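J.: Based on what follows, work out the 3D shape:
(one chain, ligands or ions: 4)
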Amino acid sequence: MSSSSAYSQELYIAQLAVQRASILTKRVFHEKAKGTVDKNDKSPVTIGDFGAQALIIAALRHNFPDDAIVAEEEAAQLRTDENLKNTIWDLVRSTKLDDAASEQALGGAIKDADEMLDLIDQGNSTGGNKGRIWAIDPIDGTKGFLRGGQYAVCLGLMVDGDVKVGVLGCPNLPVDDKAPLAADIGSNGTDDEGHGVLFSAVLGQGATSRPLAASSKEQGGRAISMRSIDSLADATFCESVEAGHSAHGDQANIAQKLGITKPSVRMDSQAKYGSIARGAGDIYLRLPVKATYQEKIWDHAAGDLIVREAGGQVTDIHGNRLDFGIGRTLANNKGVVAAPAASHAKVLAAVQEVLNARQ
Ligand SMILES: Nc1ncnc2c1ncn2[C@@H]1O[C@H](COP(=O)(O)O)[C@@H](O)[C@H]1OP(=O)(O)O
Ligand SMILES: [Mg+2]
Ligand SMILES: [Mg+2]
Ligand SMILES: [Mg+2]
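T.: Numbering: from 1, shown residues only. Ligands and ions are numbered 1, 2, ... in the order given. Coordinates of the predicted model:
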């Protein structure tokens, strides 16, 4: 991609920032006891989540000081837990990109532990449809991360509510775009040889993948696209591992209506979006379980763009595009239906039949 393309600098920095944060998450998995602490909402959050968020925000602040940031985590708990703060600080200050120039492009090291906490808290924007806003999920799929399954480091840039740049680091997905999705992908051990992929997209410029471990200087990547499926019966669909995050029963009924016979592939995180974008699966269904749950923008911004730039369509269960411009959540949307553009209407029709029958 030429350096004069729109958003080339944002893409470059976003890719490096996600690469660096992924190095930290892998270190946490391999080196640290993967202890969890309870957030108010009782979701598991590890030192990896805080550390990755600090590194990404530091990179954004250095390069784009005026941009707003919406990020999942906040530092309040670290301010009262010296041990936890120091553990994370040790990791953060010692995690660098291999290439000195790339590390420099991200602004280098954070000054001290207090600056780290302040950086983490700079992800507190309320979002909206004005100006430039980054959305960060430092570890999406924390449960997958903890069990050695799928997780993703997620970063998206929205401008006036529209996602323009999306980057997903998936340390435990196969590098090979053509690798079939294994049934055990939700808990396939470790991020060893042959694993680790970085998905990227810029609006109007297509989607790419490249090895996450590629030298951080390397630009570009391979173009990826969704599979064109002649018959939906041949499709593979992806869904959450967690039954509480999407309705497995309804999704099975939808698959049956579409004539799909292959079992669903269950995996955590936005790795689902990346997988279908490169044709390793075809459809991602996320039907609401709880009517009141509002999806978070950082759980979808990068994946939504990557799938659409790879030839897919992404809507909610009502057929509306995801609206990233109204705050930290997708309050205007319910659920997610992602499929190849040519098949999306059929998939959506099956979704609606099943949901209507539910009432
Ligand atoms: N009730 C819910 N319905 C849908 N998604 C949820 C729900 N509760 C949490 N999530 C979010 O879903 C994402 C993971 O989705 P998946 O199961 O597809 O991997 C996580 O970011 C998780 O948020 P959190 O990080 O706060 O746990
Ligand atoms: Mg979480
Ligand atoms: Mg998440
Ligand atoms: Mg998260």
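J.: so what's residue 295 up against?
T.: For residue 295, the contacting residues are 286, 329, 330, 333, 335, 336, by C-beta atoms under 8 Å, 6 or more residues apart in numbering. Placement of C-beta: from N, CA and C, glycine included.
J.: Got the phi and psi for it?
T.: Per-residue torsions, residue 295: phi -60, psi 150 (degrees, to the nearest 10).
J.: do the same with residue 153
T.: The phi and psi values for residue 153, taken as degrees, to the nearest 10, are phi -100, psi 120.
J.: what are the bridge partners for it, then?
T.: residue 169 (DSSP bridges).
J.: helices and strands of the chain: which one has the lowest mean pLDDT?
T.: Ranked by mean pLDDT, DSSP states H and E, the weakest helix or strand in the chain is strand 37-38, scoring a mean of 51.
J.: And the closest residue to ligand 3 within the chain, what's its pLDDT?
T.: Closest residue of the chain to ligand 3, C-beta to the ion: residue 140 (3.6 Å). Note for residue 140: predicted pLDDT of 98.
J.: Secondary structure element holding residue 49?
T.: Per DSSP states H and E, residue 49 falls inside helix 47-63.
J.: thinking again about what came up before, which ones are touching the residue of the chain closest to ligand 3?
T.: Going by C-beta under 8 Å, 6+ apart, residue 140 touches 151, 152, 153, 154, 268, 269, 270, 298, 299.
J.: what ranges do the strands span in this structure?
T.: 37-38, 44-45, 68-71, 132-140, 152-159, 162-174, 195-202, 207-211, 222-224, 237-239, 265-266, 283-286, 312-315, 336-340 (DSSP state E).
J.: Out of the contacts of residue 295, which is nearest to ligand 4?
T.: Distance to ligand 4 across those (C-beta to the ion) is lowest for residue 329, with 14.0 Å.
J.: could you measure that closest one against residue 351, distance?
T.: Residue 329 sits 21 Å away from residue 351, going by C-beta to C-beta, to the nearest Å.
J.: what's the answer for residue 101, then?
T.: Here residue 101 is placed at a distance of 48 Å from residue 351 (C-beta to C-beta).
J.: more neighbours, the two?
T.: Comparing residue 101 with residue 351 by other C-beta atoms under 10 Å, the one with more neighbours is residue 351, at 26 against 9.
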